[in-house]
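In: Return a 3D structure for these sequence lines:
(one chain, ligands or ions: 1)
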Amino acid sequence: MRPVLTTAELSALPADLPQWTLDDEAKAISRDLKFKDFRQAFAFMTQVAEVADRMDHHPEWSNVYNTVSIRLTTHDSHGLTQGDIELARQIDSAASGV
Ligand code: H2B
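Out: Numbers count the residues shown, from 1 in each chain. This is a model prediction of the structure:
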């Protein structure tokens, strides 16, 4: 099982992933993304689903029309791990390509 992030790793998060918000208990990070329309939002979700499944690390997310709300945490570890950081980077890169 992956270890949860250390205090030092957690404090690097705002600089490392500026578009993500750390939740109050530091157990998850979240980001909302807005697209032109539903089609663009769903294309983005399809792309992320592919990456997430390849990583065997899956987002908690929801979609309302052109908005996708994402929360990342590692269920097995009950907190944030490098798996979440890596998936967040992949999501940021997928978002910049839509
Ligand atoms: N995704 C996330 N976000 N956290 C996990 O702990 C996790 C996962 N575990 N995807 C994986 C799948 C595990 O349940 C399977 C059996 O590998």
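
In: list the contacts for Leu13?
Out: Going by CB atoms under 8 Å, 6 or more residues apart in numbering, Leu13 touches Leu5, Trp20, Leu22, Ile29, Ile85. In this view, the C-beta of every residue, glycine as well, is placed from N, C-alpha and C.

In: typo on my end, Asp32
Out: Thr67, Val68, Ser69, Ile70.

In: Paired strands for the helix or strand encompassing the last one, with orientation please.
Out: Using DSSP states H and E, the element containing Ile70 is strand 67-72. Applying DSSP bridges, strand 67-72 is found paired with strand 29-34 (antiparallel), strand 60-64 (antiparallel).

In: Would you list the phi and psi of the closest residue in space to Asp37 that isn't next to it in sequence?
Out: Spatial nearest neighbour of Asp37, excluding adjacent residues (CB to CB, 6 or more residues apart in numbering): Asn66 at 5.3 Å. Backbone torsions for Asn66, taken as degrees, to the nearest 10, come to phi -100, psi 10.

In: what number of residues lie near Asn66?
Out: Other residues near Asn66 come to 15 when the count uses other CB atoms under 10 Å.

In: Likewise for Leu17?
Out: As a burial measure, Leu17 scores 19 neighbours (other CB under 10 Å).

In: show me the contacts for it.
Out: The neighbourhood of Leu17, defined by CB under 8 Å, 6+ apart, consists of Ile29, Ile85, Ala88, Arg89, Asp92.

In: List the contacts of the helix or strand hosting the second one.
Out: Assessed by DSSP H and E, Ile85 sits inside helix 82-96. Around helix 82-96, the neighbours that count as contacts under CB under 8 Å, 6+ apart are 2, 5, 13, 16-17, 19-20, 28-29, 31, 33, 44, 47-48, 51-52, 55, 57, 59, 70, 72-74.

In: out of the residues you listed, which touch the ligand?
Out: Among the contacts of helix 82-96, the ones lying near the ligand by CB under 6 Å from any ligand atom are His57, Thr74.

In: In strands, which of the contacts of helix 82-96 appear?
Out: Counting by DSSP state E, these place Ile29, Arg31, Leu33, Ile70, Leu72 in strands.
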